[in-house]
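Undergrad: A structural model of the following input is requested.
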Amino acid sequence: MSQFRVVPSITMYDTFATFCTSFEVGAHDLILTDRVLYEMYLSGVRCAGILIEDDYGAGEPDDKKVSQILLAARKISYDRVIAVGGGSVMDIGKLLSLSQTPEMLENLVAVFERKIPVVREKTLVLLPTTCGTGSEITNISVCSFPALGTKIGLADDALYADHAVLISELIASLPMRVFMDSSTDALIHAIESFLSPKANIWTQMFSVRAIEYIVSGYRHIQQNGADSRSTLLGDFLSASAMAGIAFSNAGCGLIHAMSYPIGANYHLPHGASNYEVMMAVLGFYKDKAPGGAITTLCDLVSGLDTLEALLSSLSPRRPMRTYGMDEAAADAFAKDVIEHQQRLLANCYIPVTQSDIAQIYRAIL
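TA: Okay, the predicted model is just below:
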């Protein structure tokens, strides 16, 4: 059986001000954002309350930070959540739209391990300010659990947004490094969903279009310089959403599974940790199972070597040894992936063992 669906409505605006007018942002809204975006776009907005994500700690969300934000939101009366930010902000925004039961607030890891059910309570509007996460489309929220040494993704239909809103203005000021981290993440979403055993003609249609948009955009930037990306912002936002549509149906796989211990232990942004393992995983797939979808992918990107050279010209990959990773960590991370990332491993292009995963980790040292 093949199944395909897109849950959030998708709306595009040129400016944040136009969105506020159209969506009648006001006294019933709780807004979650970060400090920079607040000062650029939201300082004059009147609403039930505004929570600034970075006031609760730097970096990507861990269970302590998320719990503090959920507790702060309990003091505010609101009917709708508007999350304006990158993947971290949107992932937390999804949790703010849920019924905040005492069990959820006291034991967040049990929620992410699906031992405590979640129930949707508020309307949810997501506005991405990077061009990679695709979180505005998906039913997934990711949180880091330092005590476990990894990140865990919660996938539940209660986490789907009602509205995904794409605004080119919100990504216009992204630094090149952040732009590359986030758009590479979108590319990986598109590639992993294309290779997933759950892929079908509908998901692959969105995967392929996203890959084409992103690779074409990268070639344009390679030829015309970093500033030329300003003419492509709408394409990259659309590609991110298309990749989100694809992986919300077909899933992501081994690249994401292997990136989580890296991100959790070395505090790399999600897109950067994905990029660390991306080419090694794709090379492993091509070596072990050269026929089928991996061959089609290679044709689509003019070969894995060509893709790697393109990415390296815009954003060179750092060997993981430069972050402090060694062979012992490779073995430990492989064990962690097997123990905590079965949701993602189910979507691998081919079955993998703990030994396979450790081998790939060693290849990126």
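Undergrad: Mind listing what's buried along stretch 155-169?
TA: 155-156, 158-169 (16 or more other C-beta atoms under 10 Å). Bear in mind the C-beta positions are built from the backbone N, C-alpha and C, glycine included.
Undergrad: can you tell me which of those residues are in helices?
TA: Assignment to helices by DSSP state H places none of the buried residues of stretch 155-169 there.
Undergrad: So what sits opposite the spatially closest residue to H340 that is not a sequence neighbour in the bridge?
TA: Nearest-residue entry for H340: T150, 5.1 Å, with adjacent residues in sequence omitted and distances by C-beta to C-beta, 6 or more residues apart in numbering. Beta-bridge pairing for T150 (DSSP bridges): F145.
Undergrad: per-residue pLDDT, T150?
TA: For T150, the model assigns a pLDDT of 87.
Undergrad: same deal with G57?
TA: 89.
Undergrad: and if you look at the one 3 residues further on?
TA: Per-residue pLDDT puts E60 at 80.
Undergrad: Same check on M1?
TA: 60.
Undergrad: any idea how far the most centrally placed residue in the chain is from N274?
TA: Taking C-alpha atoms, centre = their mean, the centroid of the chain lies closest to T133, which sits 3.2 Å from it. As judged by C-beta to C-beta, to the nearest Å, T133 and N274 stand 11 Å apart.
Undergrad: okay, and the common contacts of those two?
TA: Residues touching both T133 and N274 (C-beta atoms under 8 Å, 6 or more residues apart in numbering): D185.
Undergrad: Which helix or strand contains R219?
TA: helix 201-224 (DSSP states H and E).
Undergrad: about what we covered before: do I have it right that the residue nearest to H340 meets A264?
TA: Yes - the pair T150 / A264 is scored as a contact, 5.1 Å apart, by C-beta atoms under 8 Å.
Undergrad: Domain map for the chain?
TA: When the chain is parsed with automatic domain parsing, its domains come out as 9-170, 174-363.
Undergrad: Centre of the chain to the last one, how far?
TA: So that's domain 174-363. 11 Å (C-alpha atoms, centre = their mean, to the nearest Å).
Undergrad: And that domain, end to end?
TA: Taking C-alpha to C-alpha, to the nearest Å, domain 174-363 runs 31 Å from one end to the other.
Undergrad: ditto for the first one
TA: The first and final residues of domain 9-170 sit 19 Å from each other (C-alpha to C-alpha).
Undergrad: can you start the count at 16 instead of 1 from here on
TA: Got it, the first residue is 16 from now on, which makes the last one we talked about domain 24-185.
Undergrad: Please report how far A344 lies from P276.
TA: A344 is 8 Å from P276, by C-beta to C-beta.
Undergrad: Actually, G74.
TA: From G74 to P276 the distance is 16 Å (C-beta to C-beta).
Undergrad: again with L360
TA: Counting by C-beta to C-beta, the gap from L360 to P276 is 13 Å.
Undergrad: Would you confirm that R129 belongs to a strand?
TA: No - counting by DSSP: H, G, I helix; E, B strand; the rest coil, one finds R129 to be coil, located in no strand.
Undergrad: what's the neighbour count on it?
TA: Neighbour count for R129, taken as other C-beta atoms under 10 Å: 13.
Undergrad: Equivalent analysis for A378, please.
TA: A378: 15 neighbours (other C-beta under 10 Å).
Undergrad: Name the nearest residue to it, ignoring sequence neighbours.
TA: Leaving aside its chain neighbours, A378 sits nearest to A295 (4.7 Å; criterion: C-beta to C-beta, 6+ apart).
Undergrad: OK, contacts around that neighbour?
TA: Residues near A295 by C-beta under 8 Å, 6+ apart: I375, A378, I379.
Undergrad: residues of the strand or helix carrying it that come out buried?
TA: Following DSSP H and E, one finds A295 within helix 285-303. Buried positions in helix 285-303, judged by neighbour count with 16+ other C-beta under 10 Å: 285-301.
Undergrad: Looking at G74 and P276 now, which is surrounded by more residues?
TA: Ranked by neighbour count (other C-beta under 10 Å), G74 and P276 place P276 first, with 26 against 13.
Undergrad: Let me know the pLDDT of that one.
TA: 96.
Undergrad: Next, show the common contact partners of L360 and P276.
TA: Common neighbours of L360 and P276 (C-beta under 8 Å, 6+ apart) are V352.
Undergrad: what's the distance between C267 and D171?
TA: For C267, the distance to D171 - C-beta to C-beta - is 16 Å.
Undergrad: swap in M119?
TA: Distance from M119 to D171, by C-beta to C-beta: 12 Å.
Undergrad: Find the residues that touch each one of the two.
TA: With C-beta under 8 Å, 6+ apart, M119 and D171 have common neighbours V133.
Undergrad: Name the spans of this structure whose pLDDT lies under the cut-off.
TA: 16 (pLDDT under 70).
Undergrad: ok so, going back, TSV for the domains of the chain, including distance to Q18?
TA: Compiled in TSV, the domains of the chain are given as follows (distance: least, C-beta to C-beta, whole Å):
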stretch	distance to Q18
domain 24-185	13
domain 189-378	7
